[in-house]
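J.: okay, predicted coordinates and the sequence, questions at the end:
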Amino acid sequence: MTTDAFAGRLFGAATASLELATVYLGDRLGLYRALAEGGPLTAAELAAATGTHERYVQEWARAQAVCGIVEADDGHYRLPPEHAEGLVDRESPAYLAPLAAMNATGALVMRELLDAFRHGGGVGYERYGAEFRDAQQDLSRPLYRHGVGAWIAALPDVHDRLSAGGRAIDVGCGAGLAAVELARHYPAAAVEGADLDEASIDLARANARAAGVDVRFHVRDASDSGLGGPYDLITLFDSLHHLARPGETLRALRAQLAADGIVLIAERRAEGPFERFVHLVSVVHCLPTAMAEQPSAAMGGVVAPETVLALAAEAGFPEAAIAPIEHEMLRFFALH
Ligand SMILES: C[S@@+](CC[C@H](N)C(=O)[O-])C[C@H]1O[C@@H](n2cnc3c(N)ncnc32)[C@H](O)[C@@H]1O
């Protein structure tokens, strides 16, 4: 790449980052929602509908139109339905607006991250704040809503056991949405969730209540020997690489398994369209959060399949393999 081309690439990245900052504003201030529900609107009408300052909204709407996020026609702004789905439809797999909030929380931790780079240590998950936690659950909602049922159905033994009233726990459950979906799909099963982060467990309990399902959530370290097995299914969705002690944790979880139970792990595929994203998130979030506890295995978010299989073997699982579950963004591992 020439110097000019590289400068152009950097400029493009800066522009995209600014665009994401305006998506954050539109999301948080309800501007997209007001346009989706009541548009087309003038800037003045949009400001009135959202209780925001007209001059700022004018500037925002003009920039959104230039970026092609909204359409402008004779002073009126309209959000095309295809864009509204990604910006305001919380159930849609296309709903990626929370990435803007996640990105914005980077500013909160940047000084700590600089410090961690210079001196070691990490940046605790809780340091990314409530907005990060909310964004994590908003991104997880459509993923698990549309995924969990099909993923478990692809494992006939587990499906049969849970259908007949087995026990399952989601470890590193965050806001509990995967556990809620497990309970929804398997009403006869006893479902639990565990996470170290107390505020996430508060969200998880509220999510279970809102969904009308009975899930027991615990503030617990994933390697806690008092977790309460034996379980027919233990899941770790997007959480193995966050653990400071993944090997020790897998060993402890093995002791919590029922005879013929399985541990199902999902990790992100750092390849194809996700390669850059997974590598970049690892620098600013996955690695620093895992290094907040010391000593740490410091896996980072880019996890090779061989690494998971080696950890499983070291933890004493006689059988570990990539599970027959197709997903463009996640790779699944079944440990027996
Ligand atoms: C990327 S989040 C994923 C949350 C959830 N599984 C989801 O997909 O929405 C990783 C989670 O792992 C949790 N975690 C990290 N270390 C943990 C530990 N030692 N024990 C339990 N949970 C842990 C964090 O608190 C965080 O909620």
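T.: All right, it came through fine.

J.: and the nearest residue to D238 once chain neighbours are set aside, which of the three is it?
T.: In space, and not counting its chain neighbours, D238 is closest to A266: 6.1 Å by CB to CB, 6 or more residues apart in numbering. (Glycine included, C-beta is placed from N, CA and C.) Classification of A266 by DSSP: H, G, I helix; E, B strand; the rest coil places it in strand.

J.: residues in contact with A266?
T.: Shown in contact with A266 (CB atoms under 8 Å, 6 or more residues apart in numbering): 151, 235-238, 327, 330-333.

J.: out of those residues, grab the one that's most surrounded.
T.: L236 (28 neighbours; other CB atoms under 10 Å).

J.: other residues contacting the helix or strand harbouring it?
T.: Following DSSP states H and E, one finds L236 within strand 231-237. Strand 231-237 is contacted from outside by 144, 152, 158, 161-162, 166-173, 178, 182, 189, 192, 222, 253, 256-258, 260-266, 330, using CB under 8 Å, 6+ apart.

J.: mind running it again at 6 Å?
T.: Residues from elsewhere that reach strand 231-237 (CB atoms under 6 Å, 6 or more residues apart in numbering): 158, 161, 166-172, 178, 253, 256, 258, 261, 263-266.

J.: thinking again about what came up before, within reach of the ligand, which of the contacts of A266 are there?
T.: When contact is defined as CB under 6 Å from any ligand atom, the contacts of A266 meet the ligand at 237-238.

J.: pLDDT of the strand holding L236, averaged?
T.: For strand 231-237, mean pLDDT rounds to 98.

J.: that one pairs with which strands, and in what direction?
T.: strand 167-171 (parallel), strand 257-268 (parallel) (DSSP bridges).

J.: and the residue of the chain closest to the ligand?
T.: The chain approaches the ligand most closely through G174 (2.7 Å), counting by CB to the nearest ligand atom.

J.: okay, now S282: neighbour count?
T.: 20.

J.: from now on call the first residue 43
T.: Sounds good: first residue 43 from here, last item S324.

J.: and the protein, what are its domain boundaries?
T.: Annotated domains of the chain cover 45-131, 148-377 [automatic domain parsing].

J.: centre of the chain to the longest one, how far?
T.: Put simply, domain 148-377 sits 10 Å off its chain's centre (CA atoms, centre = their mean, to the nearest Å).

J.: okay, now it: how far is its last residue from its first?
T.: 34 Å (CA to CA, to the nearest Å).

J.: please, which helix or strand holds L77?
T.: Under the criterion of DSSP H and E, L77 resides in helix 73-80.

J.: who are the neighbours in contact with the residue nearest to the spatial centre of the chain?
T.: Centroid-nearest residue in the chain, with CA atoms, centre = their mean: Q178, separated by 4.2 Å. Residues in contact with Q178 (CB under 6 Å, 6+ apart) are G216.

J.: quick one: it is in a strand?
T.: No - applying three-state DSSP, one finds Q178 to be helix, outside a strand.

J.: and it, how far from L282?
T.: Note on Q178: its distance to L282, by CB to CB, to the nearest Å, is 16 Å.

J.: quick revisit: quick one: pLDDT of the residue nearest to the residue of the chain closest to the ligand when sequence neighbours are not counted?
T.: Nearest non-adjacent residue to G216, counting by CB to CB, 6+ apart: S242, 4.9 Å away. Predicted confidence (pLDDT) at S242: the value is 92.

J.: also G268?
T.: G268 carries a pLDDT value of 85.

J.: what's the neighbour count on it?
T.: Using other CB under 10 Å, the number of residues around G268 comes to 9.

J.: quick one: secondary structure of it?
T.: G268 - assigned by three-state DSSP - is coil.

J.: please name the nearest non-neighbouring residue to it.
T.: Closest residue to G268 apart from its sequence neighbours, by CB to CB, 6+ apart: R262 at 7.6 Å.

J.: pretty sure that neighbour contacts A236?
T.: Yes - in this structure, R262 is within contact of A236 by CB atoms under 6 Å, at 4.2 Å.

J.: ok, those two, which is more surrounded?
T.: Using other CB under 10 Å, the more surrounded residue of R262 and A236 is A236, with 24 against 19.

J.: quick check, the more buried one in a helix?
T.: No - counting by three-state DSSP, A236 is not found in a helix; it is strand.

J.: wait, what's in contact with it?
T.: Counting by CB under 6 Å, 6+ apart, A236 touches 213, 260, 262.
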